[in-house]
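In: Need a 3D model of the sequence below.
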Amino acid sequence: MNTQEVILREKIGEYYGSIFETDIPFEIITNHMISSIITLLRWWLNNEMCYSPKEMGDIANRLIIQPIRNLVMDEYQQTP
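Out: Sure thing, here's the model as predicted:
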């Protein structure tokens, strides 16, 4: 794991750690999120940044961030 991944994991933990109450362990969720974002960024760079940064942000949000946020928030809201 490189330095950027460690920093990202720490920041995600600081921001979301207290509400990650799912049956999926926090470490697995953060690993999936970070790996997916890094893979998407690599794809974008290898394809000559064929989409604008804003478009890629929107794509990352729709494909990666929003589904994870929905999972976490759904579980959080169902907790008695």
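In: So in this protein, where's the weakest helix or strand by average pLDDT?
Out: Ranked by mean pLDDT, DSSP states H and E, the weakest helix or strand in the chain is helix 3-16, scoring a mean of 73.
In: That one: how far from the chain's middle?
Out: Computed by Cα atoms, centre = their mean, to the nearest Å, the chain-centroid distance of helix 3-16 equals 10 Å.
In: cool, and stretch 25-37?
Out: Per Cα atoms, centre = their mean, the centroid offset for stretch 25-37 relative to its chain is 6 Å.
In: swap in stretch 40-54?
Out: 17 Å.
In: Tabulate the CA atom coordinates of it in CSV.
Out: Extracted C-alpha coordinates of stretch 40-54, given in CSV (Å, rounded to 0.1, in the frame of the first residue of the first chain):
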residue,chain,number,x,y,z
LEU,A,40,-10.7,4.9,-12.5
LEU,A,41,-8.1,7.7,-12.3
ARG,A,42,-5.5,5.4,-13.9
TRP,A,43,-7.9,4.6,-16.7
TRP,A,44,-8.6,8.3,-17.2
LEU,A,45,-4.9,9.2,-17.4
ASN,A,46,-4.1,6.2,-19.7
ASN,A,47,-6.9,7.4,-22.0
GLU,A,48,-5.5,10.9,-22.4
MET,A,49,-8.0,12.4,-20.0
CYS,A,50,-10.7,12.0,-22.5
TYR,A,51,-13.3,13.5,-20.1
SER,A,52,-13.0,16.7,-18.1
PRO,A,53,-12.1,16.6,-14.4
LYS,A,54,-15.7,17.6,-13.6
